[in-house]
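Peer 1: Predicted model and sequence follow; I will ask about them next.
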Amino acid sequence: MASNHHMQFSERRKHPVTIARRAALLSILLSVAGCYRSASPPTMPPLPPNTVLLSQMMRDLSEKPGFNEAIVSQLNKGEKKGPALLTPGLLDELRTRILGQYWVGLDRFPGWTMREINPTLRVVGHVAGKSDAAENLSAVHPGVPAPPTLTRDFLDLGPYSLDREEIVSLDTPSTLPGFSTEANVTALNAEVSRGDGPGPLASEHAESQRLADVLNRLSSNHLDGAAPFGVRVSSLQTSAPQPNSPPPSQAATRPEDLIAALVMTGHSVSVTDSRYFANFGHFHYKGQEVMMPFWVNSQIVIPSTRGRYLLVPVSHAEYEWHIRGPRINADVSFYFGIDGKSQWRTMDTLDQAWVLKRDAHTYTGPDAIEVTRLAGLLTVAYMHLHAANPRLPFGGYYALGVCQDGVSAIEKRMTGHVTLFPNTADMAFFTDPRDPEINTLIDAIPKDRDGADPEPERIFGSLPTVPGPDGDFSAITIPDLAGDLEAVYAAWQNGTLRRSRSRLHSVIDITLLVCVAIGVGAFAINTFSRRRNEENS
């Protein structure tokens, strides 16, 4: 008995030491496994003035009844600009982060790779964003006029109509209403609003809106059954006619004809390929801008970070027409938006400072006219796509591409390169024999539907700021992004860039996780057994 008591006493003396050793071993295993964590975010330095992170607003207000769901509901409505298509999977992820108060994760939402995002967007059935009006258009054939409901849902024509023959003059000022925040800004409560106020171009809203409307209507002249529509500018001719352009006294019947006529009548016209950080939220909190990028994992490893991947905010890309002259001063943009519309639009709301802007290319003269022609063809092709595929969810957004796809297609034609990411158009839809040029252009651009590693050229090309002698990343105010970009850019330039980890690293990861699991299990079982033995003794 004395001997047994002595043995038990000896085991008890060793027990704390044994547990400490095992805890140390467990700590080492977890630490080693942690070396391979790829998504651990960096720390956050101070933000720029008049800006808060989404997490700060949610920290302050998430305890207010109904506020969390109000935020999610607002985000689910989408915006004309930006990549934030909140499918059920992304909505669930957003709710999880908000309700779980996972603030760092909220500020890097969603932080998934395109391979992870893609399945959440491959949805079928009747969902928000589908055009109910187009429900009975399951079979559309060339020669069948586009119905008014389809035009209303997917193309803004202002006061003009597809079934009315008309010639419009731009020689007199536009009579359309000026800029208003009524349709742009929504107050969620006394402290939070969504939407942006007037920007530097707001004063010319009426002229810009008229120009966008007539460019859209000129494009639709190519739709089957559309009545003829023309636009005339009769200011004094001050420059030589552009190739294949009508005389200034003759009404333009195509978008490119109108741009040529503007140049001929003394207007300066430039078209820029412009890139911004897409604003996921457009929120304002206590008068401050709420920084809300939509993050994607580039699958590029940041040097000297123990395997952390570069997360990049998705960018918004558009073409912008800047027109100054004796009759018209207007600025309009063109892109395919979350609203399902591939068209010209006004661009007079105020962008939040952190989204920045970069003009990747500038076109004038015949090049500006050619970009206009291609944009008009995209408008018609997307109307054909909507008519032939009325049941596509989200107005065809993502399946038919995002804002980058059309810009990429024109960039490819104009420069021979594509410098935008991501592109998501599914070529299975681009088969209409009426749109051979657009089908070819979309087919020629890189696709990111299957989660392949995007080229660094497209990741850096999408950004609204550039490195090198023409600029640097210092203009970026999104916390820690500039440093990550600088490290990855340097690795790309010197040839040491590392992409997604190799299969060997994946095997190591799995092995480490199995070892950790076995170690944790053995530790728990051993500890439980010893405690039972002590209790029994």
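Peer 2: Looks like it arrived, so ask away.
Peer 1: beta partners of the closest residue to residue 363 other than its chain neighbours?
Peer 2: Nearest residue to residue 363, sequence neighbours excluded (CB to CB, 6 or more residues apart in numbering): residue 271, at 4.4 Å. Where you see a C-beta, it was placed from the backbone N, CA and C, and this is true even at glycine. Counting by DSSP bridges, residue 271 is bridged to residue 321, residue 363.
Peer 1: any chance you could map the strands in the stretch 351-500 of the chain?
Peer 2: Secondary structure of the stretch 351-500 of the chain (DSSP state E, counting those that start in this stretch): strands located at 358-364.
Peer 1: repeat for the stretch 101-250 of the chain
Peer 2: Under DSSP E, counting those that start in this stretch, the stretch 101-250 of the chain gives strands at 110-112, 166-169, 186-187, 192-194, 229-232.
Peer 1: how about those in CSV, adding distance to residue 292?
Peer 2: Below are the strands of the stretch 101-250 of the chain laid out as CSV (distance: least, CB to CB, whole Å):
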stretch, distance to residue 292
strand 110-112, 12
strand 166-169, 39
strand 186-187, 15
strand 192-194, 10
strand 229-232, 39
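Peer 1: In JSON lines, list these along with distance to residue 463 and mean pLDDT.
Peer 2: Formatted as JSON lines, the strands of the stretch 101-250 of the chain follow (distance: least, CB to CB, whole Å; pLDDT from 0 to 100):
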{"stretch": "strand 110-112", "distance to residue 463": "17", "mean pLDDT": "92"}
{"stretch": "strand 166-169", "distance to residue 463": "39", "mean pLDDT": "96"}
{"stretch": "strand 186-187", "distance to residue 463": "30", "mean pLDDT": "90"}
{"stretch": "strand 192-194", "distance to residue 463": "25", "mean pLDDT": "94"}
{"stretch": "strand 229-232", "distance to residue 463": "36", "mean pLDDT": "96"}
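Peer 1: looking at those strands, which is closest to residue 180?
Peer 2: strand 186-187 (13.4 Å; CB to CB).
Peer 1: Does anything pack onto that closest one? Which helices or strands?
Peer 2: When contacts are defined as 3 or more CB pairs under 8 Å, 6 or more residues apart in numbering; DSSP states H and E, strand 186-187 sits against strand 192-194.
Peer 1: which other helices and strands contact the strand it packs on?
Peer 2: Of the remaining helices and strands, those touching strand 192-194 by 3+ CB pairs under 8 Å, 6+ apart are strand 186-187, strand 283-285.
Peer 1: From the rest of the structure, what touches the shortest one?
Peer 2: Contacts with strand 186-187, where a contact means CB atoms under 8 Å, 6 or more residues apart in numbering, come from 74, 193, 194, 195.
Peer 1: Please give the element, helix or strand, for the first one.
Peer 2: Taking DSSP states H and E as the criterion, residue 74 maps to helix 67-76.
Peer 1: Buried residues in that helix, which are they?
Peer 2: Using 16 or more other CB atoms under 10 Å as the burial criterion, the residues of helix 67-76 that qualify are 67, 68, 70, 71, 72, 74, 75, 76.
Peer 1: give the contact list for the fourth one.
Peer 2: If I follow you right, that is residue 71. 58, 98, 188.
Peer 1: low-confidence ranges in the stretch 1-150 of the chain?
Peer 2: 1-46, 76-85, 120-150 (pLDDT under 70).
Peer 1: Please identify which of the strands of the stretch 101-250 of the chain is closest to residue 206.
Peer 2: Of all the strands of the stretch 101-250 of the chain, strand 166-169 comes closest under CB to CB, at 14.4 Å.
Peer 1: Tell me which strands the closest one pairs with, and in which orientation.
Peer 2: Strand 166-169 is paired, per DSSP bridges, with strand 229-232 (parallel).
Peer 1: and the partner strand, how far from the chain's centre?
Peer 2: Mean-position distance between strand 229-232 and its chain equals 35 Å (CA atoms, centre = their mean, to the nearest Å).
Peer 1: With stretch 214-224 instead?
Peer 2: Taking CA atoms, centre = their mean, the mean C-alpha location of stretch 214-224 is offset from the chain mean by 27 Å.
Peer 1: Likewise for stretch 193-203?
Peer 2: That offset, for stretch 193-203, works out to 20 Å (CA atoms, centre = their mean).
Peer 1: Kindly export it (C-alpha atoms) in CSV.
Peer 2: What follows is stretch 193-203 as a C-alpha-only set of coordinates in CSV (Å, rounded to 0.1, in the frame of the first residue of the first chain):
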residue,chain,number,x,y,z
SER,A,193,-26.9,57.4,-45.4
ARG,A,194,-26.2,55.5,-48.6
GLY,A,195,-25.5,57.2,-51.9
ASP,A,196,-23.3,60.1,-53.0
GLY,A,197,-24.0,63.7,-53.5
PRO,A,198,-23.1,66.0,-56.4
GLY,A,199,-19.6,65.8,-57.9
PRO,A,200,-17.6,68.3,-60.0
LEU,A,201,-19.6,67.5,-63.1
ALA,A,202,-23.1,67.8,-61.5
SER,A,203,-23.7,71.3,-63.0
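Peer 1: Show me what counts as buried in it.
Peer 2: Quick answer for stretch 193-203 (16+ other CB under 10 Å): 193, 194, 195, 196, 198, 201, 202.
Peer 1: which SSE is residue 261 in?
Peer 2: Per DSSP H and E: residue 261 is located in helix 255-264.
Peer 1: What is that helix packed up against?
Peer 2: helix 205-219, strand 229-232, strand 268-277, helix 365-388.
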